[in-house]
Structure formats: structure tokens, C-alpha cells
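**Student:** what would the 3D arrangement of this be:
(2 chains)
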Number of protein chains: 2
Amino acid sequence: MLRTHHCGQITSAQIGETVTLNGWVQTRRDLGGVLFIDLRDRSGIVQAVFNPAYSGEALQTAERVRTEYVLAIKGTVVKREEETVNKNLPTGELEVRVTEIEVLNAAKTTPFFIEDGIEVDEALRLKYRYLDLRRPEMQKTLMLRSQSAKIFRNYLDEQGFVEVETPILTKSTPEGARDYLVPSRVHEGEFFALPQSPQIFKQLLMVSGLERYYQIARCFRDEDLRADRQPEFTQVDLELSFVSRDEILGLIEQLMAKLFRETIGVEVQLPFQRLTHAEAMSKYGSDKPDLRFGMELVDVGDIVETSEVKVFASVIGSGGQVKVLNAKGCGTWTRKEIDDLGPYAARYGAKGLAWIQVKEDGFKGPIVKFMSEEVIQALRERTDAEVGDLLLFSADKKQVVADVLGALRLKIGRQLGLIDDSIYKFAWVLEFPLLSYDEESKRYVAEHHPFTRPLEEDLELFETDPGAVRAQAYDLVLNGYEVGGGSLRIFEHDLQQKMFRLLGISEETAQEQFGFLLDAFQYGTPPHGGFAFGFDRLVMLLTQRTNLRETIAFPKTASATDLLMNAPSAVDQGQLEQLHIKLAPKPAKKPAAAESEQA
Amino acid sequence: MLRTHHCGQITSAQIGETVTLNGWVQTRRDLGGVLFIDLRDRSGIVQAVFNPAYSGEALQTAERVRTEYVLAIKGTVVKREEETVNKNLPTGELEVRVTEIEVLNAAKTTPFFIEDGIEVDEALRLKYRYLDLRRPEMQKTLMLRSQSAKIFRNYLDEQGFVEVETPILTKSTPEGARDYLVPSRVHEGEFFALPQSPQIFKQLLMVSGLERYYQIARCFRDEDLRADRQPEFTQVDLELSFVSRDEILGLIEQLMAKLFRETIGVEVQLPFQRLTHAEAMSKYGSDKPDLRFGMELVDVGDIVETSEVKVFASVIGSGGQVKVLNAKGCGTWTRKEIDDLGPYAARYGAKGLAWIQVKEDGFKGPIVKFMSEEVIQALRERTDAEVGDLLLFSADKKQVVADVLGALRLKIGRQLGLIDDSIYKFAWVLEFPLLSYDEESKRYVAEHHPFTRPLEEDLELFETDPGAVRAQAYDLVLNGYEVGGGSLRIFEHDLQQKMFRLLGISEETAQEQFGFLLDAFQYGTPPHGGFAFGFDRLVMLLTQRTNLRETIAFPKTASATDLLMNAPSAVDQGQLEQLHIKLAPKPAKKPAAAESEQA
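**Tutor:** The predicted structure is shown next:
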């Protein structure tokens, strides 16, 4: 009994027709000798009716059917009587009167209901992922993911990109995150590494004159996980030769417009807003600002420097900042409500959180008494303070001020209902710093990666002030998430070597680790640049989810475990011998440390 | 100077226009103060002319340009004079008179020429793969591969398949080839394995009710390599629920017809020929027969059984076979030519190779004297022997006879020019044996994999004669290559357990290794089946190559080495410590064995 139609696609056009359907029993109701089964397949649900008047034999078989049994049924499509219409189902005006049934497979009682919006421990859902994925909302997510990949590919194909698969078994590189390693059986004592990204391969493809490359690529990072990290993740990766930065940005904007239009019917606003990194940090305290609302941070250092609030003066004196977040309309918060912000701010490094309530009769709060009327007036103007507002002060190093007020801006904006979840607000963050100084290793490290091109006008700062060199890098930001990033690349052998030197990578190490790339750069490398989207995260935002695991068919937990397959797992001693390795258990003396690493 | 056109796409439509081109210097000829540069990009080549009459400055710059330099040029498209037309170039009637030039990058002399058909050691090509891929034939292969992937995806998408990415970091399973392992940092002493195929995941997706899944999936096998094997390879993987075998075969036939039509303009013949496995082995001595020519093997056991050729009688007596390959028109071969077949046959297990020349005056050859006139007459009829033919005999166990005569058939067919390389002859090989008996481990092993469905009519042989049970498996064969295979699957918990028992997998082991699958089968699993194409091999056949490495951007050598990146390689001790492993060097006492494993 092979299907003629899908359950969810039965319409009034089929009335009177005989159809054969395949699917799962969603529900089963026995109304005194007549049996109603909601049959579900990927397309939706339709009601099947078993009645001795249609077939006594079919009814008899149907009686032993339970939820999630797999059925094939044959019957006639009929319009339901008015009072039995189910307005919640697209097929709710119809039913199938069953004349034949075949039970294709039985089912035990499932550990949770197969329906949307269940509240079930995620670990249980992951263990029974094959049942979790039966739920319509999960299927829709997988289908939207598949559709999104198709939109990416079709667009890039139209734009002349060639899809190339790059290796998964590749070489370990010392920069960046931790690699996953794969011992070699053939080459004793040697290891492959799984790629953190196809970065080097895509640049080599530009050296190859492929001109436009893309790949929906699996990448791997052995890092401690958070809610929005997975040990393996998917990136839409592309690289182009002979293009300007603005051509790349324009191409990506068109791509995003197409993706959002064709998947969820949203018209995003073009062109995307552009901010420099400096501007983003200054106004929003973040390099991935949520631009769906305002509430910009305001620098008040020059104003409060002269006040008698000692911490302000001392912070300014030691090169720090004092900034204000004006929480509009929060001036009526109770002391407790304001105090509750303290521990939250502390998580982002705040040592304290000064505040001022703007009342009818002026500024109120513990620090007001240390301020002159001039200071108060200046603050009022600078921060656009009106009666009913709450001014929150952060005074610290630049980065701490940004982190603290950036986080408070998001928290209070959300609390005040300023964030409209139906809006998709893209922005470009441009001119990232090329390098950042790593206090621990006392050296500069690449902010993006060591192949990022510096701004031509900053090249002279290479020797004098490396930290001030800006990169030709661009991040794509959506509603406070970084959904992608890229840069123009260094394509000159000499500049690349200079960059390695700046990063404290010796010529010898550079040659050993990236020799093939430095070599390649000597054989006619075109100017090139690229981009990579975090595909999992984009799908998460398209489907209004907050957890990457909801967008991945078989994800891993925060401790990098596959609860379905039970992986990783122990292996045979023989397998290890073939790979020329053995286990090296950690000394037992530090159980606490060992345990914390498992957390 | 951003390009306005691509080099290979300059046509007479552009005559008189000013164009800007980007590309590489293919050749450079200095003809007494006038300089000709063939400029190459991905699309092709066009001639650029530098003449003081167009721009003295441009000429001066162009004079320091060498092969493979990267240029941007601006100039006017002009029709060449009749006598300078280059008929070998699509743009050969045109040239670009250059008024501006920018040298974007210089190039050292490349280790080999960037042109098609070079004869260069493959190791050198792989070390400089980024230059090798600059050659037009390699770029065309990569583009055809990309185009093929697109055709697969579009077709499967139209047919309602959902693309799902399955994990690369997964669980080691004891069946099949050797796994690549990945030590876990978080879970001490445990390992992930890289998937040999997404088999289990795709079946779980059917349990999930996804109904139609596909993926262009990377797979990994740590096996000793041959010319047509790679440690990581790509497979177009699909799985369907609620379908018959013939629906799957029909879908694949349409897909292949579309692929061959749209990539290389070949109309393949539909429907594909169908053979059972038994038939293929019997007629062609191969489960992947090349059907572009006949030369079928002929069983003559019943005829020669009664002859006085003792080896024939004894082979038949012990359950073996005697078969003949009639090498049409090879009856005039010299004794030496015939004898030279011996060592070749021996490579496939032949202990000897009896033969008969069919001359004007009858059968000639060492064994003829042991044959009666009746036997000779019967042989003549059975093998369709005519004057000028050469009959080659193999007498041995069934498998050896098939291997020997199957190989000779291909060798002689090729030698006689019977194989037309412009023909693409697909066939289905059906009804493979479900199991084969492994002499070494004294147990049955799965011919395909342990999830393959037996033929319903053979189910009763499960207990009595497992070796005779046929599988609902199908291989797709093209010109003597297996390009894909699949099967209907077991979807019943009980039958799957029975299968594991038959394979000597204890209930405990089955539970430990495949428990989640056996569990899943209890929750309403639909009937399902699937297929997987060897994508690398298909591209190899589409591009008339004989080596898989030509179809992969960054392949590994036969010893699983990446010569470009120099992977695998040694890693830091610190990395190993984090992964809780250490090196276990092989005892030095057997240097010979160690060496042979490196080969």
C-alpha cells in the first residue's frame, strides 16, 4: 500500500477520491464502536475514521493500534459534518473513511509526547533524539535549515562561486583554539588535526586562480562549550579574488536579504548600517551591538573629572573612562531594584555601580552630594536626562566599562520591552583592531587570524604602535549576535612574514607551520578576501531559537557528549596499539581539578 | 582597477570597448619593442598587446613582468589582423590594446608549467597543489564536480529530500573497516570515531519520520589505500521511507540521466539493465561487470567432466567449476603471447591456464589430446567457437574461476578494442548474498552491512542455510566500476536482533554497540531503504580520469599523506597530555615489518 498522497496535503480537491496514506498514529479515540485516528506524516495530520459501515475488518485491525504505530491506510476523502470540523488543522474540514489498513510497525509508549512545546529535560530529548526529531517544530527547523543551505548555494552559484570540498584530516596549527587530533596508523607518532576552519585551504584556492570559492564546511574546536558553541559546527565559507571590501559586503547583503525573504518572508533593510569597531564599543559597549533599540552609552569623563566623586577622578587619572547609561523611565525603581543590578554588573567586572535618579526636584542618589550644580547641569544635558530617568555610571578601564554598560543596556532594554523580536536588524562592524595584546603571554595575538590585512593607511604603525593598527576586517552582526565575519587578506609574502614576526612567531616556526603558504605567496597570489557565516547560529536566529542545539540534528551536550550514541566511548586496546598510542591517565593526586574539567 | 570582464569571455561584441581585466601571465613575447602577453583567468585566455603607440608607460611596466605575475590591465578590444588570428583560442580573433597596467603581484618561476597535459611527477604536483590546480584541466574538473553536486542537490530537493548534516565526531563501531579515532580531552580515556558512513544516522532520521534524507557526506576509512581509495572520501547519501525497491532504482536512474545530460551532454540509456548477482558472477566473473562488450564466460563443467583432463574432473568432483572464456579472433596468438597470460591469471589466483586454439583443422593445444570428439563438438557449440578463436579455461573454486576469467575478459576485451570509451553503460546488480562466510574468523559476516534486509522469500533459510539468503541490496555499476549501492533495511527490532545473532554478535555486544538503534526500532520505525553514491568515483568517470586524486582538490597519497601541508605531523607533548594519551612506539625488534607498513 504505497502512498498516493501526504496526510497534510489532503484538500477538498480530493473529496470523493480514494487515497492511500502512510504515517504515524498521533492520537486514537474510540467513540463507541467508531474509531478516530489522527495520522501524521512529515507534511501534517489528517483524521482517519474507522467505522463498521466502511470496513469491519479495518476497524478490527485498527482497534489494536496505539500511538506512534506506523500505518498504511486506504480510504475515501469526505467532507466532515459541520459540527465536527477541527479549525486547528489545515485538513480539519476533511476526513478519510478507511476501507483498508496495514500495520507496518508497532510502537512502545514513547518517553515523551510527540508534539510541539513539550517541557521535557533536554538530556532525555537528546537520548531519544530520533523521537524528539519527530516533533513538528523540530522537523520544521531541519527543513528550514535545508532550505537555507539551498538558498546560500543557489545564490553563490549564480555569483560564479565554485563549491570545493577541503580536507577534514589536516594539519595541526599552533594558533587559535585547541585542535582535535587524529593519530595516524601509517605514520607512527604523527597526527592529523581536524580543521578549525578551511581558512588556509581557501586562501590556497585563491592562489590556484579559482577566483570564487565556497563551501558549507564542518569545523571543529576543542574548546570548553557554552550554550552557543558546539565541538563541531557548520560554517558557510567563501573567498573571492580581485574584489574590493565593499563588493564583498554588498554581495553578503544581497544574500542575507534573499535568505530572510525566502525562508521567513522578512524584508531586511538594505544597505546594512555600518559602524567602526571603535564606534560600536563606544556607543553600545559591544562589538556585536543589538541595534533594535537606542540607549547609547555616553562618555561623561570630562564632566565628572572635576566632581568630588573620588573614584571618577582617579579612574580618569589612570587612563580609564566614566560612562553613563540612561535607563529611561527607570527613575521610579525602588532602591532594591537598583541594588539588584549590582551583582549582575559585577559578573561583567564592575567593582560598583553608581546611580542617579532624576526626580521632579532634581538628581537624587548617594553620589549627587559630591557634584556641583554645574556638573549636574552638564550631566543632564549630555545624557539627555529627564524626570523619571535612572542614570547608571560605570568607571573603570575602557573594556570593563564597555562590558558592564553593554550588558546592562541589553538587560534593561529587554526589561523595558524596547527589543522587538520581530525585527531583524543587521549591521557591519568595520575596522577591528588587527592585534590585541595578550597580558598572559606578553605578546600581540591576532584579533581575527594572522592572515588578516591591515588598513593600508595604518601600515606605518606596524613598527611604532602595533596595537593601533586597524584591520580590513568586517563582522556581520544581527540583533546582538555575530553571524559572520571576514577580511581582506595579506597576499604578499613579505607582509605576511612581517605579520608573523609581529605575532612573535619565529621565522623557523612560521616556515615549519605555514611554509607552504609563504611559499605559495611567492608564485603569483591575487588580492583576495573572504567571509564565513556561522550557519548554526543563523538558523537559530531565523527560527527564533536561543539554543544552537535546537538547530542541529544530532548535537552534543555542553560537555561534548553525544547522549544518543553514547560517544565518546572507550575503545579496544588493539585499536590503540595500531595507532601507536596508549592511555596516559592523569595522576590521581588532584581529583578536584580533574572533576572540574569534566563539568 | 577592478575587472569589468573575464579574459575568456571577451567576444567581438566588445570590439571598441574599454575593458579592465585581472589575471595571470600565461606567456610573454617581446617582438622588437612590442610586447604580447597572454592573460589567463578562470574563464580562459586573451592576448594583451603593449605598444608605445598605446601607452609607453604601460609598455615599460609590462617589460618587467614575467610568467604567472598577477596583473590588472585596462585597454581597448580590437579585432586582430587576419594573419595574426590564433585559431586555438576562443578569443583568438581579438586582442586588448593596453593603456594601463598594474602589477598586483610578482611570481617566482613555477616548478612546472601551468598548462594541460604536463608530465610531471605526481608528488611534485601534490606538493605544489595550489599551482597544479591553476592548470585549466584541473579547474575544469573542480568546476564539473561543483556542478555535479548542484545537480544532485537540485534533483533530490525537487523529489522532497531534506538535507541533514550528521556528526563527524561519532562513535566507534566494531563492524566494517578500521575507524579513525579522536581522543577526547573532556572525557579521559575515551574516543570519538570519524564515520565510515552516515548509515546509522540516516536510519535514525527515518525513525524520526523525516521520510526523505540526503547529504553529500564526508566519510573516513583507515584502510590500506589503492589508486581508487582515499582515507577521506565523499558520498552522496540518501534514505527514504515508505518506498519500494523499484521506486528507489527509478529515482536513481532519472538522477543519473540528468547528471550525465547536464554535465557532459551524454544521454544514458534508460532503464538500466538489471542482473542478479548470481548472473553477473556467472556471465562476467564480476559483481561490477563492464557491459560495454560481451565475451561472456561459459560453464563447461558438465562437458569436460567426462574428459580425460584430470584436473577438470577433480575440480568438478570437489564442487568447483570449469569455465571458458572465448577470446574471439585470438586463435592466431603465438605460444608466447598465450603464455604471457599465465602470470596475469596467477595474480587472480589461477594455478594454471589451459587453452585451445581453434584452427581451420580443428582444436589445437596441449589438452586437446585428452578430449573425445564428442567433448570437442560439445565445447564448440557451447562456446560458439569459430576458426580463429582462443578458448581459455579456468578450473577451480567458483570464486577463483570468476576472478581469473573476469580479469582476463577485461584485459583481452581492452586489448581487442572492444571497449568504447565514449559509452556509459549503467547496470543494476541485484540480490547480493546477505552474508558471506569468513574462513578466518569462522563466522558469517555481512556482505553489505548488518542492517541490510533479506529477501522475504529467503527468510526461512536464515536458520538452515544462511549463506544462501539473498539481500534486498542493489549496486549501481558503470563501465566496470561500482558507483553506488544500497538496500532496503531491516526495520523490525526482532529481525535486527536475529541478524546480529547470525553474525555472531552477542546480545550484550549488540546492546552495547547498537542499543540505541535496537531501541529506536521499538518506537514505530517505518519501512525504509537507501542508497549512497561514491561521489569522487562518479566525477572520475564523468571526466574520463583513472585516478581519484585528480577529482579531489587536496587529496592524500597512497600512504595517506598530505604532501602540501605535510600532514600528518608530530605534535606538542602538551597537546597529548591534554588528551590523556602518550605515544607507544612499536618495539624496535621488527624493523622490516615496520618498514613495510610505511610502504
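**Student:** from here on, contacts and neighbour counts on C-alpha atoms
**Tutor:** OK.
**Student:** is A:Phe201 in a helix, a strand, or coil?
**Tutor:** Secondary structure for A:Phe201, judged by DSSP: H, G, I helix; E, B strand; the rest coil, is helix.
**Student:** since we're on the nearest residue to it once chain neighbours are set aside, how many residues are nearby?
**Tutor:** In space, A:Phe201 comes closest to A:Thr166 once its chain neighbours are excluded; the distance is 6.6 Å by CA to CA, 6 or more residues apart in numbering or on different chains. Using other CA atoms under 10 Å in any protein chain shown, the number of residues around A:Thr166 comes to 22.
**Student:** before we move on, what about A:Gly265?
**Tutor:** Count around A:Gly265 with other CA under 10 Å applied: 11.
**Student:** separation between it and chain B?
**Tutor:** Per CA to the nearest CA, to the nearest Å, A:Gly265 is found 20 Å from chain B.
**Student:** ignoring the adjacent residues along the chain, who's closest to the residue of the stretch 351-500 of chain A found nearest chain B?
**Tutor:** Taking CA to the nearest CA, chain B has its nearest neighbour within the stretch 351-500 of chain A at A:Glu492, 7.5 Å off. Nearest non-adjacent residue to A:Glu492, counting by CA to CA, 6+ apart: A:Phe521, 6.1 Å away.
**Student:** surely the one you found meets A:Ile490?
**Tutor:** No. Contact criterion CA atoms under 8 Å: A:Phe521 and A:Ile490 do not qualify, at 9.3 Å.
**Student:** what parts of the stretch 201-350 of chain A come near chain B?
**Tutor:** Counting by CA under 8 Å from any CA of the partner chain, the stretch 201-350 of chain A comes close to chain B at A:Leu204, A:Leu205, A:Val207, A:Ser208, A:Gly209, A:Leu210, A:Glu211, A:Asp222, A:Glu232, A:Phe242, A:Val243, A:Ser244.
**Student:** quick check: nearest residue in space to the third one, chain neighbours excluded?
**Tutor:** Spelled out, it's A:Val207. With CA to CA, 6+ apart as the criterion, A:Val207 has its nearest non-adjacent residue at 4.8 Å, and that residue is A:Thr525.
**Student:** could you chop chain A up by domain?
**Tutor:** A:7-105, A:139-166+A:196-276+A:426-544, A:293-416 (the TED database).
**Student:** to B:Arg66, which of these lies closest?
**Tutor:** domain A:139-166+A:196-276+A:426-544 (10.0 Å; CA to CA).
**Student:** any idea of the mean pLDDT for the closest one?
**Tutor:** Across domain A:139-166+A:196-276+A:426-544, the average pLDDT comes to 94.
**Student:** for chain A, what's the longest helix?
**Tutor:** helix A:136-158 (DSSP state H).
**Student:** quick one: that one to chain centroid distance?
**Tutor:** Relative to the centre of its chain, helix A:136-158 is centred 16 Å away, using CA atoms, centre = their mean, to the nearest Å.
**Student:** how about it as PDB, C-alpha atoms only?
**Tutor:** Extracted as PDB, the C-alpha positions of helix A:136-158 are listed here (Å, rounded to 0.1, in the frame of the first residue of the first chain):
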ATOM      1  CA  PRO A 136       6.800  19.000  14.000                       C
ATOM      2  CA  GLU A 137       8.700  22.000  15.300                       C
ATOM      3  CA  MET A 138      12.000  20.100  15.100                       C
ATOM      4  CA  GLN A 139      11.200  18.800  11.600                       C
ATOM      5  CA  LYS A 140      10.400  22.400  10.500                       C
ATOM      6  CA  THR A 141      13.700  23.600  11.900                       C
ATOM      7  CA  LEU A 142      15.600  20.900   9.900                       C
ATOM      8  CA  MET A 143      13.700  21.700   6.800                       C
ATOM      9  CA  LEU A 144      14.300  25.400   7.200                       C
ATOM     10  CA  ARG A 145      18.000  24.600   7.600                       C
ATOM     11  CA  SER A 146      18.000  22.500   4.500                       C
ATOM     12  CA  GLN A 147      16.200  25.300   2.600                       C
ATOM     13  CA  SER A 148      18.600  27.900   3.900                       C
ATOM     14  CA  ALA A 149      21.600  25.900   2.600                       C
ATOM     15  CA  LYS A 150      19.900  25.700  -0.700                       C
ATOM     16  CA  ILE A 151      19.400  29.400  -0.900                       C
ATOM     17  CA  PHE A 152      23.100  30.000   0.000                       C
ATOM     18  CA  ARG A 153      24.200  27.600  -2.600                       C
ATOM     19  CA  ASN A 154      22.000  28.900  -5.400                       C
ATOM     20  CA  TYR A 155      22.900  32.500  -4.800                       C
ATOM     21  CA  LEU A 156      26.600  31.800  -4.600                       C
ATOM     22  CA  ASP A 157      26.400  29.600  -7.700                       C
ATOM     23  CA  GLU A 158      24.700  32.400  -9.600                       C
END
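**Student:** show me what that helix is packed against.
**Tutor:** When contacts are defined as 3 or more CA pairs under 8 Å, 6 or more residues apart in numbering or on different chains; DSSP states H and E, helix A:136-158 packs onto helix A:245-264, helix A:535-542, strand B:162-163.
**Student:** nearest to B:Gly56, out of these?
**Tutor:** The nearest among the helices and strands packed on helix A:136-158, by CA to CA, is helix A:245-264 at 31.7 Å.
**Student:** pull the distance from the closest one to the chain's centre.
**Tutor:** With CA atoms, centre = their mean, you get 18 Å for helix A:245-264.
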